[in-house]
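Student: The sequence and its predicted three-dimensional model are supplied below.
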Amino acid sequence: MTKFEQRLQCNELLSSADHEREARTLHSLLRMFERVSELSDAARKAAAAAPAAKGFDADADIFRRQLAARLDKLRGGDGRQ
């Protein structure tokens, strides 16, 4: 994610292959965000049944929020949810 953000800030001319690579990278990041969100939802449900799962839920939620903020920043948002 950090490397992708740095490349976007570089403002150098990229080849069409580089643009395609960045599009695939962004797609992969979005899919990862979706999976983390799904895991977070599943962890919330498990936490209701087993209190020991709450630590995992909190970690997944923190990761999800950080990833969402970074993706929002990449698309031009202010990084807040």
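Tutor: Perfect, I can see it now. Everything quoted here is computed from the prediction, not taken from an experiment.
Student: Please count neighbours and contacts with C-alpha atoms only from this point.
Tutor: Fine.
Student: Nearest residue to the middle of the chain?
Tutor: With distances taken as CA atoms, centre = their mean, Leu67 lies nearest the centre of the chain, 3.2 Å away.
Student: which helix in the protein runs the most residues?
Tutor: The longest helix of the chain (DSSP state H) is helix 16-49.
Student: thinking again about what came up before, per-residue pLDDT of the residue nearest to the centre of the chain, please?
Tutor: Looking at Leu67, its pLDDT stands at 85.
Student: residues touching it, list them.
Tutor: Leu67 makes contact with Phe33, according to CA atoms under 8 Å, 6 or more residues apart in numbering.
Student: Ok, Ala60 next?
Tutor: Ala60 is in contact with 36-37, 39-40, counting by CA under 8 Å, 6+ apart.
Student: ok, the residues you listed vs Ala17, which is closest?
Tutor: The nearest member of the contacts of Ala60 to Ala17, counting by CA to CA, is Val36 at 28.6 Å.
Student: Quick check: buried residues in stretch 17-24?
Tutor: Using 16 or more other CA atoms under 10 Å as the test for burial, stretch 17-24 gives Glu22.
Student: could you measure Leu26 against Ala43, distance?
Tutor: Remark: distance between Leu26 and Ala43 (CA to CA, to the nearest Å) = 25 Å.
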